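In: everything below, folded, please.
(chains A and B)
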Amino acid sequence: MSSVQIRDVRKSFGNFEVLHGVSIPIEDGEFVVLVGPSGCGKSTLLRMLAGLENITSGTISIGDRVVNNVQPKERDIAMVFQNYALYPHMTVADNMGFSLKLRGAKAEEISTGVKRAAEILALTPLLERYPRQLSGGQRQRVAMGRAIVRDPQVFLFDEPLSNLDAKLRVAMRTEIKELHQRLKTTTVYVTHDQIEAMTMADKIVVMHDGIVEQMGSPLELYDTPANQFVAGFIGSPAMNFLKGNVKVNGAAYFEGPNGIKLPLKSAPANSDGKPAVYGVRPEHFTIADDGAEAEIVVVEPTGSETQVFAKLGGEQVVAVFRERHLFNPGDKVRLKPDPGLVHLFDDATGKRLNS
Amino acid sequence: MADIALAPRRAKTEIREATAWDQLRHNKNWLGFWFMLPAMAFLIFFLAYPLGLGIWLSFTDARIGRVGHYIGTENYEWLWDDSIFWLSVFNTLIYTFIASAIKFAVGLYLALLLNERMPFKALLRAAVLIPFIVPTVLSALAFWWIFDSQFSIISWSLKQLGLITQNINFLGDSTWARICVIFANIWRGVPFVAITLLAGLQTVQPSLYEAATLDGASRWQMFRFITYPLLTPIIAVVMTFSVLFTFTDFQLIWAMTRGGPVNATHLMATLSYQRAIIAGQLGEGAAISSAMIPFLLAAIMVSWFGLQRRKWQQGESND
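Out: All right, here's what the predicted structure looks like:
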């Protein structure tokens, strides 16, 4: 186990820069999730960490050692690929023991290592099978087993769950997290799925267009997103955004689209009349007499909660209620955001305005 | 209501037993037979019939212009004692073995090379195919000149370099002649092997090499443990074809040496042609051709087992 330091790393393919100076400190034993939309550079960064791509500038160190020019096999890392990359002509046992075999380990040593990893992942009955004879979830576990056998300093996961069906994905998510709690190996995990990021990470790094938008614990990112991108990316259903102006007319409030009045706990300094974006999470709406009038468009009951799509000041918003509301399309309701939990973003830069 | 009540009774009277003809019309196997028939007819007339006729001819004393009579295995007994026939068998085996082995080695090397990232890759891949698209006789003629006893460019170059003083008698010396025809065959056969193996190489997922890199494999180990095993099915196919084509080669030899000098490059195919068509002994020529069948069957058997689906290629079965 060791810490990983990524310092001002840049990556260019030809003249095209895909990573514009990324710095991420990763502590020993931490589970870090790199999350962002496709093309944000998260997979490239992971491959640079693995040594599969070279580093254009900046440094990556594992432990105390700068690994920029260290061969992948010398970096003491193990990677789980999106398509698992299992060797189709080797049995599960051979797949898992391949790295030990290349290292020149003795047969007994290999079989002990493989058995230990197989027990951790409940793969023991499958050791003599070939990858083709395994289900998606089993292949996924073999890929992890191959990583565990090596007992590396750092685990790298490149979207490991995206080839699995929804149910299996949830199960494997828990399994990976459990595994990390057991082995306590530093882990860097890449995904585009913010739910995976939220549920598994000690620290989430939100990336977008080759830069780090924000870094922090899942709930930190959820409660105080640093900008509109992070606010919209983290959370499902996504945060509602309404454009308008901050008003300080006695008490502070927000003038939304079509002049609707939305509550603010306090206005940032010198913001009277400033154009801004008002962000409110779906679950932070309540139905109250002093709310703004909205017209119901669609109601989606999921059993545990009710998702309500409504027009608020002409803009579509989504609200989630734990109670079971029996609305009909066209009904008028009064929606009130919780003023303590709303977010204000700069209209031009998208930066967070309120604390 | 009344209509509805009556309808089933009327329908009942119309039901009749399906005749044999009806059953045949709806039988998918019968339909399949008709779809298969054209291909089958083609194979029977152009492959099975000539093969059968050839084997029959080998048991007759047919000559050009004379219908043969059945003479049992006399042709074969005759060949058994014919040292030229045995020489041609030896030549064919040497020719096939050496040419195929070198074609495999060079073809695999070229395929691995062309699979790398390099400039002008598409152009180089196209260039590798050139020997394959030139008509055999044309390339044989070119080789004939290259290896000519007087005008050989190789002899000329070596003389200019001062390495030799006299022209090398390429096609006139038995050892040299064998080397020359084998070289020409390799030159022609390498593209087929290289391009087919390249196609096989491209089916190997790049992520396997990445995984192997992280597992600590060197370039050689990647080839030994990943590329080669994954390539074995296609190697089995390509080498079977290569061996069959080489074993039955005729054009190159006939255009370059006609089997000479002193039968040193006579293959079974060229000897058969010489005996059957040039000398007119159809029965004997057919016997030589038929004698190739066991060798070819053996080659096919080898590939049959080589081509069997390996365990790792099988689907989701639980064996």
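
In: where do the helices of chain A begin and end?
Out: A:42-50, A:92-102, A:107-120, A:136-149, A:166-183, A:194-200, A:218-223, A:228-233 (DSSP state H).

In: for the ones you listed, which one sits closest to B:Glu284?
Out: Each of these was scored for nearness to B:Glu284 using C-beta to C-beta, and the closest is helix A:92-102 (55.6 Å). (Glycine included, C-beta is placed from N, CA and C.)

In: please enumerate residues in contact with that closest one?
Out: A:78, A:86-87, A:90, A:109-111, A:113-114, A:117-118, A:123, A:126-131, A:134, A:142, A:145-146, A:149-150, B:212, B:214-217, B:221, B:225 (C-beta atoms under 8 Å, 6 or more residues apart in numbering or on different chains).

In: so, low pLDDT: which residues of chain A?
Out: A:1 (pLDDT under 70).

In: okay, B:Phe192: pLDDT?
Out: Model confidence at B:Phe192, expressed as pLDDT, equals 91.

In: any buried residues in stretch B:227-244, and which?
Out: B:227, B:229-231, B:233-236, B:238-244 (16 or more other C-beta atoms under 10 Å in any protein chain shown).

In: least confident pick among the residues you listed?
Out: If you rank the buried residues of stretch B:227-244 by pLDDT, B:Pro233 sits at the bottom with 84.

In: which SS class is that residue?
Out: helix (DSSP: H, G, I helix; E, B strand; the rest coil).

In: looking at the helices of chain A, which is nearest to B:Asp81?
Out: For the helices of chain A, proximity to B:Asp81 was assessed by C-beta to C-beta; helix A:92-102 is nearest, at 55.1 Å.

In: give me the neighbour count for A:Val32.
Out: 24 (other C-beta atoms under 10 Å in any protein chain shown).

In: what sits against it?
Out: Applying C-beta under 8 Å, 6+ apart as the definition, the contact partners of A:Val32 turn out to be A:24, A:26, A:187-189, A:201-205.

In: what do you get if the cut-off is 10 Å, keeping everything else the same?
Out: A:4, A:6, A:24-26, A:154, A:186-190, A:197, A:200-205, A:215 (C-beta atoms under 10 Å, 6 or more residues apart in numbering or on different chains).

In: in PyMOL, select just the buried ones from the residues you listed.
Out: Buried members of these can be picked out in PyMOL with the line below, counting by 16+ other C-beta under 10 Å:
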select buried, chain A and resi 4+6+24+26+154+186+187+188+189+190+197+200+201+203+204+205+215
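
In: out of the buried residues of stretch B:227-244, who's near chain A?
Out: With the criterion set as C-beta under 10 Å from any C-beta of the partner chain, the members of the buried residues of stretch B:227-244 near chain A are B:229-230, B:233.

In: name the nearest of the residues you listed relative to chain A.
Out: Sorting those by how near they are to chain A, with C-beta to the nearest C-beta, puts B:Pro229 at the top with 4.6 Å.

In: excluding sequence neighbours, find me the nearest residue to the closest one.
Out: Once its chain neighbours are removed from consideration, B:Pro229 has its nearest residue in A:His89; the separation is 4.6 Å (C-beta to C-beta, 6 or more residues apart in numbering or on different chains).

In: B:Trp176 in helix, strand or coil?
Out: Using three-state DSSP, the secondary structure recorded for B:Trp176 is helix.

In: low-confidence stretches in the stretch 1-150 of chain B?
Out: Low-confidence regions of the stretch 1-150 of chain B, defined by pLDDT under 70, span residues B:1-14.

In: residue at max distance from the center of chain A?
Out: Among residues of chain A, the one most distant from the C-alpha centroid is A:Gly250; the distance is 40.8 Å, by C-alpha atoms, centre = their mean.

In: need the strands for chain B, in chain order.
Out: For chain B, no strands are identified by DSSP state E.

In: again with the stretch 151-300 of chain A
Out: Taking DSSP state E, counting those that start in this stretch as the test, the strands found in the stretch 151-300 of chain A are A:154-158, A:186-191, A:203-208, A:211-216, A:240-249, A:251-255, A:261-263, A:275-280, A:285-301.

In: who touches the fourth one?
Out: Read that as strand A:211-216. Taking C-beta under 10 Å, 6+ apart as the criterion, the residues outside strand A:211-216 that touch it are A:6, A:19-25, A:32, A:34-36, A:40-42, A:45, A:201, A:203-208, A:220-231, A:233-234, A:350, A:352.

In: circling back to that earlier point, okay, the helices of chain A in CSV with distance to A:Gly58 next?
Out: Listed next are these as CSV, based on distance: least, C-beta to C-beta, whole Å:
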stretch, distance to A:Gly58
helix A:42-50, 9
helix A:92-102, 28
helix A:107-120, 34
helix A:136-149, 26
helix A:166-183, 27
helix A:194-200, 24
helix A:218-223, 24
helix A:228-233, 23
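
In: picking up where we left off before, any of the contacts of helix A:92-102 buried? List them.
Out: Burial of the contacts of helix A:92-102 was assessed by neighbour count (16+ other C-beta under 10 Å); the buried members are A:78, A:86-87, A:90, A:110-111, A:113-114, A:117-118, A:123, A:126-127, A:129-131, A:134, A:142, A:145-146, A:149-150, B:212, B:214-217, B:225.

In: burial measure for A:Ser355, as a count.
Out: Number of residues near A:Ser355 (other C-beta under 10 Å) recorded here: 7.

In: returning to what we had before: buried among the contacts of strand A:211-216? Need that as a selection in ChimeraX.
Out: The following ChimeraX line selects those of those that are buried, judged by 16+ other C-beta under 10 Å:
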select /A:6,19,22,24,32,34,35,36,40,41,42,45,201,203,204,205,206,207,208,221,222,225,226,227,228,229,230,231,233,234,350,352
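
In: distance check, the residue farthest from the centre of chain A against chain B.
Out: Per C-beta to the nearest C-beta, to the nearest Å, A:Gly250 is found 63 Å from chain B.
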